[in-house]
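Participant: sequence and predicted structure below; questions after.
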Amino acid sequence: MGARVLIVDDEPQIRRALRVGLQANGFDVEVAANGETALDYAAGHPPDVLILDLGLPDVDGVEVVRQIREWSALPIIILSVRGAERDKVVALDAGADDYLTKPFGMDELLARIRVALRRTAGQARGEPVLEFGDLRIDLAARLVTRAGHEVHLTPTEYDLLRELATNAGKVLTHGMLLTRVWGPASADATNYLRVYVNQLRHKIEPNPAHPRLILTEPGVGYRFRADVAG
Amino acid sequence: MRDVTALNWRTLRPYGGSLLLVAAVTPALLPFRLHLNILNVALIYLIVITVVSLRTTTGPGIAASVLAFVCFDFFFVPPYYTFSVARPDHVLALFVFLGIAVVVTQLVIRLRARTEEALRRGRRTAVLYDLSTALIGEAGLDQMLQAIVDRVREVFALETCAVLLQEGGVFRQRATAGQPIDVVSPNLAGVAAWALDKRQPAGLSRTRVRIRPPGRPGAPAAWNFTQGRRDRDLFLLPVATTQRPLGVLVVARRPGEPALDDEQVQLLATFANQAALAIERSLLTEEQNRAEILARSDELKSALLSAVSHDLRTPLASIKASATSLLQDGIAWTDEDRRELLTAIDEESDRLNRLVANLLDLSRIEGGALRPELGWYDIGEAIDAAVERTRAVLDGYVLEVRVADDLPAMRFDFVKVVQVLVNLLENAARYSPPGSHVSLSARRRDGELEVVVRDEGIGVPAGEEQRIFDKFYRVEARNRPPGSGIGLAVCRGFVEAHEGRIWAERGDRGGLTVRFTLPLPAVAETPAPAPREAAR
């Protein structure tokens, strides 16, 4: 693959383990021990994926996310021992794509990296049609079909689905979805979101009680599953 | 019987004194009988009666008046040496004299009683003021109660004064002035319970309660007391607030001392009330403290949880990432890569182990179960061992070790001192940038061994140099690597267990300097002779 991964963590041991583990999986790995180095490096040689620890000795990881988001949309996966939902939301709202709580397995990290890479690839192509298994979303025609049959969605449902599907694989916080679909005034109305997600699941999920497409990230938001088996 | 006689003698004595004085004046006046006007004689007698009244009570005063009247009539009103009176105006004069004498006596006595009452009040106020001043100065309940019993014993000139508090249905002696009272005695406990239950004073005969050193063993099982009898040897006053009974104030008179009078009992009751207030205040404070301690221990618990979860998860993350990498299928690991991952697992396991050891040590220090296992060692050996154990942590730092060569062998717990050094070195590495200098030195200073660990890291804010040794204390600052607040607390516990001291100083150019001392052996002591060790 040869995708470039930048690992930013102040713990030498985790840097070492991730470097060796990712290199063995074919990634081109660079490491940085603090936020300043990471920002310099990312500006000089933008990586394909940034893996970032929140607890850094010089700047807070969330600040690194904000600064990078000023000029780049590169995928950022957060690693942290802070497991609280509030910390996740802050990092995701700042623009991070995904979040892994330490300790985590290498497979999990690899899966998240692949999703992040695929998402950027899709965005780069700017395809007007998204397909997830038998679900097909034609962004140009605002048409959603499931196994060839049209799914009738209200405008809000469609906007919500489009927002989730175009960011497939990425965790979207409640605040992000509400702001983008309903507008900034509704950023706190999480119950709207719950109702619409529920309606949407009934229309597009094979089994709404066990969603396979719109996944709940407890206390944080929702994620549209990118790797649905076609 | 002897008691009754003594009581009568005490009652009769003022009569004797008063009558004697009046009687003594009479022969003194006799030689001047012919030169003195009868009115002058009457005036002199009135002066004597006034003087007598100043020193006595109503009974003796009136008796003195009557005696003066009789003497006046018998010796000075003609015809002399008879009770008959020659002139009718003398009869009038005689009875006017008697009337004036009685009135003067009454007035003087009443006036004096008022003066004495005022004085008594003044004294009582002074005593109470004194007591409350003393109570304000005392911090703990035991000190306050001690102040009360000391003062009661002093003011009433008692043999013993004690406060017994009822705790779980049993009376315990919380404060005693004078000889301790045998509170085990069922008699005393019974009377105390009665007094407290009825909120009334009670008296108890001394023969039924032993005062240590024990007198006769085997006091009778039944007790004998009368409500409020102050002539008993022991007098018990309830100590209680309106809400709850607390205990009793017990006073024992010195043998032969008069029983307490009303006023004294009242004053004693005031003291008992003061004691009740002091106890209640302290109980309330105690309850409040307990609530605060609970709240603080909750805070500590959550601090511990967050610290421990961070400190445990960080090495676990490396171990898990390395192990899951190695477990991945279809990857041909180079020997070097496999070795790196395994080394990460190995070193991070050690780190976890150190953390767990520190946690255990901390709980031992907390539980007071820490006992250094002393032996004769060189501090240089301990320093070598610590440096060896922190080799991985200090990789990338410039470590300078200086051990003075005049250091004798000394007695310490090798494992614990190494742990202190490891914690200090780890701390230095954690809070300073890679490539910076960390120095460790040991030398003799003021008859002690002083070990100094200095770094060039971020240091601590001014004023927090001592607090960093508190359990779970962490310097709260942005961009500061999180720590558990355990390592330095363990250092302090271990150093203090060796009767040493540990403290921190801010470096001139940033960084932190931690110093600790360990006692050096006295010159006479020689290291490790086998017989000496065996003798212990």
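Facilitator: Happy to help now that I have it. Numbering: from 1, shown residues only, chains lettered A, B, ... in the order given.
Participant: which one's the longest helix in chain B?
Facilitator: Criterion DSSP state H: the longest helix present in chain B is helix B:262-327.
Participant: oh, I was asking about chain A
Facilitator: Of all segments of type helix in chain A, defined using DSSP H, the longest is helix A:106-125.
Participant: what does it contact?
Facilitator: Applying CB atoms under 8 Å, 6 or more residues apart in numbering or on different chains, the contact partners of helix A:106-125 are A:3, A:5, A:18, A:21-22, A:25, A:27, A:48-49, A:51, A:73-75, A:77, A:97-98, A:100, A:130, A:166-170, A:226-227, B:321, B:324-325, B:327-328. (Each C-beta comes from the backbone N, C-alpha and C, glycine too.)
Participant: just the buried ones among the residues you listed, please.
Facilitator: The neighbour-count test (16 or more other CB atoms under 10 Å in any protein chain shown) applied to the contacts of helix A:106-125 identifies A:3, A:5, A:18, A:21-22, A:25, A:27, A:48-49, A:51, A:74-75, A:77, A:97-98, A:100, A:130, A:166-170, A:226, B:321, B:324-325 as buried.
Participant: helix A:106-125 and the longest helix of chain B, what's the angle between them?
Facilitator: Helix B:262-327 and helix A:106-125 meet at an angle of 70 degrees, taking axes from the mean of the first three to the mean of the last three CA atoms, to 10 degrees as the criterion.
Participant: is chain A contacted by helix B:262-327?
Facilitator: Yes: under the criterion of CB under 8 Å from any CB of the partner chain, helix B:262-327 makes contact with chain A via B:309-310, B:313-322, B:324-325, B:327.
Participant: who does the helix or strand following that helix touch, helix- and strand-wise?
Facilitator: Downstream of helix B:262-327, the first helix or strand assigned by DSSP states H and E is helix B:335-367. Counting contacts by 3 or more CB pairs under 8 Å, 6 or more residues apart in numbering or on different chains; DSSP states H and E, helix B:335-367 packs against helix A:12-24, helix B:262-327, helix B:414-430, helix B:487-497.
Participant: looking at those, which is closest to B:Ser436?
Facilitator: Closest approach to B:Ser436 among those is made by helix B:414-430 (9.0 Å; CB to CB).
Participant: buried stuff in the closest one?
Facilitator: Buried residues in helix B:414-430, counted by 16+ other CB under 10 Å: B:414, B:416-430.
Participant: again with stretch A:183-191
Facilitator: Neighbour-count burial for stretch A:183-191 flags A:Ala187 (criterion: 16+ other CB under 10 Å).
Participant: cool, stretch B:56-68 as well?
Facilitator: Neighbour-count burial for stretch B:56-68 flags B:56, B:60-65, B:67-68 (criterion: 16+ other CB under 10 Å).
Participant: centre of the chain to the worst-scoring helix or strand of chain A on mean pLDDT, how far?
Facilitator: In chain A, no helix or strand scores lower on mean pLDDT, DSSP states H and E than helix A:106-125, which sits at a mean of 82. Relative to the chain's own centre, helix A:106-125 is displaced by 9 Å; criterion: CA atoms, centre = their mean, to the nearest Å.
Participant: ok, and the closest non-adjacent residue to the residue nearest in space to the middle of chain A?
Facilitator: Central residue of chain A (CA atoms, centre = their mean): A:Lys170, 1.9 Å from the mean position. Spatial nearest neighbour of A:Lys170, chain neighbours left out: A:Asp97 (4.6 Å); criterion: CB to CB, 6 or more residues apart in numbering or on different chains.
Participant: and chain B, which residues reach chain A?
Facilitator: Contact residues, chain B versus chain A (CB under 8 Å from any CB): B:309-310, B:313-322, B:324-325, B:327-328, B:331, B:333, B:337, B:340-341, B:344, B:347-348, B:395-396, B:433-434, B:478-482.
Participant: and those, which of them are buried?
Facilitator: Buried residues within those, counting neighbours by 16+ other CB under 10 Å: B:310, B:313-322, B:324-325, B:333, B:337, B:340-341, B:344, B:347-348, B:433.
Participant: not counting its neighbours along the chain, what's nearest B:Leu135?
Facilitator: Spatially, and ignoring its direct neighbours in sequence, B:Leu135 is nearest to B:Met144 (5.3 Å; CB to CB, 6+ apart).
Participant: surely the one you found meets B:Ile136?
Facilitator: No: counting by CB atoms under 8 Å, B:Met144 stays clear of B:Ile136, with 9.4 Å between them.
Participant: tell me what angle the longest helix of chain B forms with helix A:12-24.
Facilitator: Going by the same axes, to 10 degrees, helix B:262-327 makes 20 degrees with helix A:12-24.
Participant: low-confidence ranges, the stretch 251-400 of chain B, go.
Facilitator: Counting by pLDDT under 70, the stretch 251-400 of chain B has low-confidence residues at B:300, B:303-304, B:307.
Participant: out of the buried residues of stretch B:56-68, which sit inside helices?
Facilitator: Secondary structure from DSSP H places B:60-65, B:67-68 of the buried residues of stretch B:56-68 in helices.
Participant: check which helix or strand residue 162 maps to.
Facilitator: Since you didn't name a chain, this refers to chain A. Using DSSP H and E, A:Arg162 maps to helix A:155-166.
Participant: not quite, go with chain B.
Facilitator: Following DSSP H and E, one finds B:Ala162 within strand B:160-167.
Participant: mind giving me the packing neighbours of that strand?
Facilitator: Here strand B:160-167 touches helix B:141-155, strand B:170-178, helix B:186-198, strand B:245-252, going by 3+ CB pairs under 8 Å, 6+ apart.
Participant: same thing but 6 Å
Facilitator: Using 3 or more CB pairs under 6 Å, 6 or more residues apart in numbering or on different chains; DSSP states H and E, the elements in contact with strand B:160-167 are helix B:141-155, strand B:170-178, strand B:245-252.
Participant: deepest-packed of these, please.
Facilitator: strand B:245-252 (a mean of 26; mean count of other CB atoms under 10 Å in any protein chain shown).
Participant: parallel or antiparallel, which strands does that strand pair with?
Facilitator: Its sheet considered, strand B:245-252 pairs with strand B:160-167 (antiparallel), strand B:234-240 (antiparallel) by DSSP bridges.
Participant: circling back: show me what the helix holding A:Arg162 is packed against.
Facilitator: Contacts defined by 3+ CB pairs under 6 Å, 6+ apart place helix A:155-166 against helix A:174-181, helix A:190-204.
Participant: winner for burial among those helices?
Facilitator: Mean neighbour count (mean count of other CB under 10 Å) peaks for helix A:174-181 among the helices and strands packed on helix A:155-166, with a mean of 20.
Participant: okay, B:Tyr129: pLDDT?
Facilitator: You'll see B:Tyr129 listed with a pLDDT of 82.
Participant: just the element for it, please.
Facilitator: helix B:88-137.
Participant: closest point of the stretch 1-150 of chain B to chain A, which residue?
Facilitator: When scored by CB to the nearest CB, the stretch 1-150 of chain B has B:Ala139 as its residue closest to chain A, at 42.5 Å.
Participant: surely B:Ile458 forms part of a strand?
Facilitator: No: checked against DSSP: H, G, I helix; E, B strand; the rest coil, B:Ile458 lies outside a strand; its state is coil.
Participant: just give the nearest non-adjacent residue to it, would you?
Facilitator: Leaving aside its chain neighbours, B:Ile458 sits nearest to B:Tyr431 (5.3 Å; criterion: CB to CB, 6+ apart).
Participant: surely that neighbour is in contact with B:Glu456?
Facilitator: No: using CB atoms under 6 Å, B:Tyr431 makes no contact with B:Glu456, being 9.8 Å away.
Participant: before we move on, the earlier item: just the angle between the strand holding B:Ala162 and strand B:170-178, please?
Facilitator: Put simply, strand B:160-167 runs at 160 degrees to strand B:170-178, going by the same axes, to 10 degrees.
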